[in-house]
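Q: Sequence first, predicted coordinates after that:
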Amino acid sequence: MAALQATLYGVSRGGWDAEGRPSARELAAHNAALRRDAVGLGVVLALFLSSARAFADARPSRQFVAACQPGEQLARGAAGLLCALGAASALAVDLLVCPCPAVSDAKYRAIRVLGHFAYLTVQSLAIISTHLAISALADVCLDPLVAPLLPASVTRAALALHAASHMHAEWVCALALVLALFFFPLALLHPQWEADEVRPWRRRGVGSFKALNLYSHGAAVPCALLELLLLRSRPLLAQLAPPFRVLAAVSIAYGSVYPLSVHIGYNLHEMRRVALERARAQRADSALPRVKSHPTHAWPYGFMDDLAQLGAPPMRLHSWGVRPPFSAGWVLLALAGTASNLLVLACVRQLHVSARES
């Protein structure tokens, strides 16, 4: 994928900061992060498929599909595919079209372990795109014109995925809304983001940086809303949507998993860096990697360093570069993110209940 970046922005010896074009080193780091992203996408897909297999009740979907007219599910699947392509295009813009980070950027170091999945934006867009694509595929497979042509095992799997798409629809729609609601006040409308991100990229010759981020953070919202309000069956949503307490538990779990995954990425990198520094201090061995080639890691977002130090408990492993994952600041962040998600989730549920009653 470095070829796309090279086509869009060119290649230089000095890199972004010197010549306004990425260097081979910056493109290589971007490619390495994309390979890690492929693993993250596989994990998201596996979670969706396993939840469909474990929890989805296919009986309501079977009754619903049996009452559908030929071509009805095909039309719904085609519209769902357009929604999935819209969300996937936002993910592609974030991963492939937005300029790869310069060596001097914190993002260059933040993606060294988890790839772009260190960022909540990429995680959210991957979840939304996967959900929309699976929903559209299930709709197409269950149409009376298509289902007789498929093996029975595929039809059974499609029924489970169809039921799971109704289980996940509210939570995924809320995730898309939370992504946009966080981006606009914390980034797009914040003067610090303009100074730290937009202006440096404008000086490097990438004047479209703000527009690219606006699209990647906002395009999934109409796709998820259309999927929930128009493409999912309202009677099936009433039957298959989990109780609000279950959705709240999922939101709390995700609000805890994201900070934990960011800490894992940070600490794996830092422990290796500190180990190299100690080894070089004990042995002047030229065969050992240079410490400067393994720089200090960075948090995905600048405010996270302050959070990690706010009320951080003392730990023996701190000398190895390990940051405690449950400082007071991180707990406050997890609580604030979870509360925001629950509030939006409650609004989404009320929205689709009102639409069903009307």
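A: It's in.

Q: C-alpha coordinates for stretch 51-62, PDB please?
A: Output in PDB follows, covering the C-alpha atoms of stretch 51-62 (Å, rounded to 0.1, in the frame of the first residue of the first chain):
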ATOM      1  CA  SER A  51     -21.200 -13.800  18.600                       C
ATOM      2  CA  ALA A  52     -23.500 -14.800  15.800                       C
ATOM      3  CA  ARG A  53     -22.700 -18.500  16.400                       C
ATOM      4  CA  ALA A  54     -23.000 -18.300  20.200                       C
ATOM      5  CA  PHE A  55     -25.900 -15.900  20.900                       C
ATOM      6  CA  ALA A  56     -28.000 -15.300  17.900                       C
ATOM      7  CA  ASP A  57     -31.500 -16.800  17.800                       C
ATOM      8  CA  ALA A  58     -32.200 -17.600  14.100                       C
ATOM      9  CA  ARG A  59     -35.900 -18.600  14.600                       C
ATOM     10  CA  PRO A  60     -37.300 -15.100  14.200                       C
ATOM     11  CA  SER A  61     -35.100 -14.500  11.200                       C
ATOM     12  CA  ARG A  62     -36.300 -17.800   9.600                       C
END
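
Q: Buried residues of it, list them for me.
A: For stretch 51-62, the neighbour count (16 or more other C-beta atoms under 10 Å) marks Ser51, Ala52, Ala56, Ala58, Pro60, Ser61 as buried. (Each C-beta comes from the backbone N, C-alpha and C, glycine too.)

Q: Closest one of the residues you listed to Tyr119?
A: Closest approach between these and Tyr119, by C-beta to C-beta: Ser51, at 23.3 Å.

Q: tell me which element that closest one is part of?
A: Taking DSSP states H and E as the criterion, Ser51 maps to helix 24-55.

Q: Which helix or strand contains the residue minimising distance to the centre of the chain?
A: What sits nearest the mean C-alpha location of the chain, by C-alpha atoms, centre = their mean, is Gln123, with 1.3 Å. Per DSSP H and E: Gln123 is located in helix 120-141.

Q: What is that helix packed up against?
A: Applying 3 or more C-beta pairs under 8 Å, 6 or more residues apart in numbering; DSSP states H and E, one finds that helix 120-141 contacts helix 24-55, helix 72-92, helix 152-183, helix 209-218, helix 220-226.

Q: Dump the ones you listed into TSV; add mean pLDDT as well.
A: Listed next are those as TSV, based on pLDDT from 0 to 100:
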stretch	mean pLDDT
helix 24-55	91
helix 72-92	94
helix 152-183	90
helix 209-218	92
helix 220-226	92
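
Q: between the ones you listed, which one is nearest to Arg278?
A: Across the helices and strands packed on helix 120-141, closest to Arg278 is helix 24-55 (C-beta to C-beta), at 25.0 Å.

Q: Following the record's annotation, map out the domains of the protein.
A: Listed domain ranges for the chain are 1-238, 243-358 (source: automatic domain parsing).

Q: so which of the helices and strands packed on helix 120-141 comes closest to Phe303?
A: helix 152-183 (12.1 Å).

Q: relative orientation of the closest one and helix 24-55 in degrees?
A: Our comparison of helix 152-183 with helix 24-55, counting by axes from the mean of the first three to the mean of the last three C-alpha atoms, to 10 degrees, yields an angle of 120 degrees.

Q: following helix 152-183, which helix or strand shows up next?
A: Beyond helix 152-183 on the C-terminal side, the first helix or strand identified by DSSP H and E is helix 191-193.

Q: who touches the helix or strand just after that next one?
A: Later in the chain than helix 191-193, the nearest helix or strand by DSSP H and E is helix 199-203. With contact meaning C-beta atoms under 8 Å, 6 or more residues apart in numbering, helix 199-203 is reached by Gly20, Pro99, Gly207, Phe209.

Q: Just give me the closest of these to Ser233.
A: For these, the closest approach to Ser233 (C-beta to C-beta) belongs to Phe209, at 40.5 Å.

Q: my guess is that closest one meets Pro101, correct?
A: No: the pair Phe209 / Pro101 is not scored as a contact, 11.7 Å apart, by C-beta atoms under 8 Å.

Q: And the two? Which one has more around it.
A: A direct count of neighbours by other C-beta atoms under 10 Å for Phe209 and Pro101 places Pro101 higher, at 20 against 17.

Q: Where does the more buried one sit: helix, strand or coil?
A: Of the three states, Pro101 takes coil under DSSP: H, G, I helix; E, B strand; the rest coil.

Q: any idea how far Ala38 is from it?
A: Using C-beta to C-beta, to the nearest Å, Pro101 is found at 19 Å from Ala38.

Q: Cool, thanks, talk later.
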